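A.B. asks: fold the following, please.
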Amino acid sequence: QVQLVESGGGLVQAGGSLRLSCAASGRTGSVYTMGWFRQAPGKEREFVAAINWNGASTYYADSVKGRFTISRDNAKNTVYLQMNSLKPEDTAVYYCVADRGAWGARRVQLIAYEYWGQGTQVTVSS
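C.D. replies: All right, here's what the predicted structure looks like:
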């Protein structure tokens, strides 16, 4: 089992920045693909970004490409999401995810990830 705990959410004005962190515990290891999904009120949960086990490969949703950066520190069992140039439409609950087998075409699919955090709220005011 792997437990994921997100932190770093909050309220920020449009154009501002936030950095989310996700600390993994339990049966952790550097072999997990990790990533972020988000869910806005009244909308379906959607893929945001993913990073492979050693950080050499990343992938982003078109809506955040060029503004968000995903990274990981395997020594700390932590993945980060640096969010810049935030927009009101980025308002959502952000979820950290992890799975051993999710890299590749499956990385954007909700069902590819076995482990989910509880989520952290990000609110961007206009």
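
A.B. asks: who does the residue nearest to the spatial centre of the chain bridge with?
C.D. replies: Centroid-nearest residue in the chain, with C-alpha atoms, centre = their mean: Trp36, separated by 2.1 Å. For Trp36, the beta-bridge partners under DSSP bridges are Ala49, Cys96.

A.B. asks: so where's this protein shaky on pLDDT?
C.D. replies: Residues of the chain meeting the criterion pLDDT under 70: 29-30.

A.B. asks: can you give me the helices for it?
C.D. replies: With DSSP state H, there are no helices along the chain.

A.B. asks: the strands in it, which residues?
C.D. replies: Applying DSSP state E to the chain gives strands spanning 2-7, 10-13, 18-26, 33-39, 46-51, 58-60, 68-73, 78-83, 92-99, 115-116, 120-125.

A.B. asks: quick one: contacts for the residue nearest to the centre of the chain?
C.D. replies: 20, 22, 48-50, 70, 79, 81, 94-97 (C-beta atoms under 8 Å, 6 or more residues apart in numbering). To be clear about C-beta, it is placed using only N, CA and C from the backbone, and glycine gets the same treatment.

A.B. asks: distance to Arg107 and neighbour count for those - can I get that in JSON lines?
C.D. replies: Formatted as JSON lines, the contacts of Trp36 follow (distance: C-beta to C-beta, whole Å; neighbours: other C-beta atoms under 10 Å):
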{"residue": "Leu20", "distance to Arg107": "18", "neighbour count": "24"}
{"residue": "Cys22", "distance to Arg107": "16", "neighbour count": "25"}
{"residue": "Val48", "distance to Arg107": "11", "neighbour count": "25"}
{"residue": "Ala49", "distance to Arg107": "9", "neighbour count": "24"}
{"residue": "Ala50", "distance to Arg107": "4", "neighbour count": "26"}
{"residue": "Ile70", "distance to Arg107": "11", "neighbour count": "22"}
{"residue": "Val79", "distance to Arg107": "13", "neighbour count": "29"}
{"residue": "Leu81", "distance to Arg107": "15", "neighbour count": "26"}
{"residue": "Tyr94", "distance to Arg107": "17", "neighbour count": "23"}
{"residue": "Tyr95", "distance to Arg107": "14", "neighbour count": "23"}
{"residue": "Cys96", "distance to Arg107": "14", "neighbour count": "28"}
{"residue": "Val97", "distance to Arg107": "10", "neighbour count": "25"}
